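[1] Below are the sequence and a predicted model for it; my questions follow.
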Amino acid sequence: MGASRPAFSILTDHQFVASGSWFHVVPVRAPALPPGGGTSRPGSCACASGATRLRASAYREDRVSPTGPSPDLVEYAFTDVGPWVVERGDLVWLRGIDRIRARTRADVPRLLARRRLPPIGRFARVVTSLGVALAGWRLRDRGTQKSRAGLSRRLRQSFESLGSTYVKLGQIISAFDGLFPDELVEEFKRLRDQVPAEPFEAVKALVESELGRPLEAVFAEFAREPIAAASIAQVHAARLVTGEDVVVKVQRPRVGALVREDLRALAWLAPLLVGRIPVSALANPPALVELFAEQIVEELDFRLEAENMLDLAHVFAATDQRTMVVPRPHATLVTRRVLVMERLHGFAFDDVASMHASGIDTDAVLRAGLIACLEGALFYGVFHGDLHGGNLLVAPGGQTVVFDFGITGRLAEPQRLAFLRLLLSGTAGDVRGQVEALRDLGAFPSDTDIDAVMADLGLDQPVQDPTQMSADALVGELEDLVKKLLGYGARAPKDLMLFVKNLMFLNAATATLAPDLDLLAEIVHIHTYFFTHHGERIARDLGDGAVRETVDLDAVKAGMMVPPEVERLTFRDLQERRRTIIKRMGERQR
């Protein structure tokens, strides 16, 4: 290996101003690592001269080429040259990972089991916090021009004070642009990475406990202030004693117990919402809480997140989506509550001006993100389940860097095939095929009469343009549709909720990255792409001739509720139509 490198170096102010002040450790020198990597047991360390000898298998210089592509790119969508090479056999945290995931999933039914009473103390605190927020709004903001903004701010502050579970709920709400009021969405976006951070001493203690050694034995530098702080964890910039720049994701110390207590309260409340109001009934509150529980419980174990990183990186590589990049997880420094990974840099996902100045085609960034998201779900049943601007960067070369894999969607094979039929039937104009796919996904009971649904909902009739309807007609049509759907036992399919959330984020991202993109032409492009690149797979999965290979643009327009004579449709056009509809419904309310 040659001469050893310093395990500590002094950084000038301008080198760390973006990450806050650094926690400096006592200068030591890392010893040279033997070619075989030493004999340290996983999770332990062998020390020499005051420095820690890390497991070397992921750091051997003969496996990290400074000039050519990294060998792990054959299996994964990583950066061309990384700080280490990922090989599954070296990842000590992967041992027993299937048992860990199964045990974690088995914990969910117990948490959601119906009890006579909710956790009284926690339930009282939640009611009190939300009650104070509503009371403050009624006294100061209600009836004023800032009424909606004031209520949104107070709810955000309440959610923030209630801790991780409600912060996570707020983050979910923030991803549903267009479904919730704009003021609420914008306010709750602050919960993505502007949550108050844990004290550094608490972070240091947790990291040392999880890694089983002093902080200075592993890190030459460790930033006191986090790069970002969210509901479950916060992220710190650091440098290993072996010289690699990394980020360290650290779980909040008390979050596990708090989340489980909140899930018990939510499970008690969710069944009471069914059927109380039409929107709530269609949203399927018990299924939403079940999905939320499944995801957040897995999110509490960073070993599962690290495996999710590998799975998504493998899917991107298998589909040749090299425009998507995943950070490399460390071979040994991953535990239930600490995750060390490669540090990557790029433009914020909404920094369009800087991207354009660097020659990045933001239309292509958006298109690649949508295709990659679809390919993973449709052909592998795996997709990132929590896309939002805080989890994405755009590298100077135009690749999208994806972070935060704690929530990852996984579709069972029957659901994957139904989802594939749903999307391809939509672009091919097969309305019946869409309804059948929705039934198979759980949106309707399995014995639903598809012909009756088609006739009763008027799905075989021409679509009315909602912008041309009167306020009374528009509201009446919506109320009638909801009533009929409830009559058929319709529910939002649990397996699709995460993916729909992603699509809503990408829909909103279009306003920033590509507001003048022709959506109709883009649908044709993506449909053609799938049959060109995956035609054999589609035929094998669904059968020859099961779905038309050409796009039915009239059907696509009908699905978007635009007149057939429209030749071009941009996101700006859709936004204007939405504003018209909302304004008209507001006129009805007055």
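    Perfect, I can see it now.

[2] When you work out contacts or count neighbours from here on, use the C-alpha atoms and nothing else.
    Will do.

[3] doesn't Val453 make contact with Phe444?
    No. The criterion here is C-alpha atoms under 8 Å, and Phe444 misses it with Val453 at 9.9 Å.

[4] shared neighbours, the two?
    Overlap of the contact sets of Phe444 and Val453 (by C-alpha atoms under 8 Å, 6 or more residues apart in numbering) consists of Tyr488.

[5] Is it correct that Phe383 falls within a helix?
    No. Looking at Phe383 with DSSP: H, G, I helix; E, B strand; the rest coil, it is strand, so not inside a helix.

[6] report the longest helix in this structure, please.
    Longest among the helix segments of the chain by residue count, using DSSP state H, is helix 519-542.

[7] how near is the residue lying closest to Gly397 once chain neighbours are set aside to Asp351?
    Of all residues not flanking Gly397 in the chain, Ile360 sits nearest, at 7.4 Å (C-alpha to C-alpha, 6 or more residues apart in numbering). Distance of Ile360 to Asp351, computed by C-alpha to C-alpha, to the nearest Å: 11 Å.

[8] Between the two, which is the more surrounded one?
    Using other C-alpha atoms under 10 Å as the criterion, Ile360 and Asp351 rank with Ile360 on top: 19 against 13.

[9] Quick one: residues contacting that one.
    By C-alpha under 8 Å, 6+ apart, the contact set of Ile360 is 396-398.

[10] Next: Ala318.
    By C-alpha under 8 Å, 6+ apart, Ala318 lies in contact with 75-76.

[11] now do 10 Å
    By C-alpha atoms under 10 Å, 6 or more residues apart in numbering, Ala318 lies in contact with 74-77, 312, 376, 380.

[12] re the thing from before, mind checking how far the residue nearest to Gly397 is from Val394?
    For Ile360, the distance to Val394 equals 9 Å [C-alpha to C-alpha].

[13] what do you get for Glu208?
    33 Å.

[14] neighbour-wise, which of the two wins?
    Of the pair Glu208 and Val394, Val394 is the one with more neighbours under other C-alpha under 10 Å, namely 26 against 16.

[15] Quick check: that one vs Asp361, distance?
    To Asp361, Val394 is 11 Å away according to C-alpha to C-alpha.

[16] is it true that Ala364 touches His356?
    No. Using C-alpha atoms under 10 Å, Ala364 makes no contact with His356, being 11.8 Å away.

[17] Pick out whichever of these two has more residues nearby.
    Shown here are Ala364 and His356; by other C-alpha under 10 Å, Ala364 has more neighbours (15 against 12).

[18] need the contact list for that one.
    By C-alpha under 10 Å, 6+ apart, the contact list for Ala364 reads 323, 370, 398-399, 513-514.

[19] Have a look at Phe444 and Val453 and say which one is more surrounded.
    Shown here are Phe444 and Val453; by other C-alpha under 10 Å, Phe444 has more neighbours (24 against 18).

[20] Reduced to three states, what does the more buried one come out as?
    Under three-state DSSP, Phe444 falls in the coil class.

[21] Which of the three states applies to Leu333?
    Strictly by three-state DSSP, Leu333 counts as strand.

[22] on that earlier part again, give the PyMOL command for selecting the buried subset of the contacts of Ile360.
    Provided next is the PyMOL selection string for whichever of these are buried by 16 or more other C-alpha atoms under 10 Å:
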select buried, resi 398
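
[23] Turn the contacts of Ile360 into TSV, including distance to Asp554.
    Shown next, in TSV, are the contacts of Ile360 (distance: C-alpha to C-alpha, whole Å):
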residue	distance to Asp554
Pro396	39
Gly397	37
Gly398	34
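
[24] Let me have the contacts of Ile360 in TSV, extended by secondary structure, pLDDT and distance to Leu215.
    Output for the contacts of Ile360, formatted as TSV (DSSP: H, G, I helix; E, B strand; the rest coil; pLDDT from 0 to 100; distance: C-alpha to C-alpha, whole Å):
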residue	secondary structure	pLDDT	distance to Leu215
Pro396	coil	93	33
Gly397	coil	92	34
Gly398	coil	94	35
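
[25] Closest to Glu198 out of the contacts of Ile360?
    The shortest approach to Glu198 among the contacts of Ile360 belongs to Pro396, at 31.8 Å (C-alpha to C-alpha).

[26] and the closest residue to Pro83 other than its chain neighbours, how many neighbours?
    Computed as C-alpha to C-alpha, 6+ apart, the closest residue to Pro83 that is not its neighbour in sequence is Glu244, at 6.1 Å. The tally of other residues near Glu244 (other C-alpha under 10 Å) stands at 19.

[27] Now do the same contact list for Glu244.
    7, 59, 82-84, 219-220, 238, 341-343.

[28] And the residues you listed, which is closest to Arg491?
    Of those, the one sitting nearest to Arg491 (C-alpha to C-alpha) turns out to be Met341, at 39.1 Å.

[29] and of the contacts of Ala364, the nearest to Gly385?
    Nearest to Gly385 among those: Leu370, at 13.1 Å, using C-alpha to C-alpha.

[30] From what I see, the closest one and Ile526 are in contact.
    Yes. Counting by C-alpha under 10 Å, Ile526 is a contact partner of Leu370 at 9.0 Å.

[31] quick one: Arg138 from Thr144, how far?
    Using C-alpha to C-alpha, Arg138 is found at 10 Å from Thr144.

[32] Glu75 now?
    Glu75 is 57 Å from Thr144, where distance means C-alpha to C-alpha.

[33] same thing with Thr570?
    34 Å.

[34] who's more crowded, the two?
    The neighbour comparison of Thr570 against Thr144 (other C-alpha under 10 Å) goes to Thr570, with 17 against 10.

[35] Could I get the pLDDT score of Val562?
    We have a pLDDT of 81 for Val562.

[36] So it: helix, strand or coil?
    For Val562, the secondary structure call by three-state DSSP comes out as coil.
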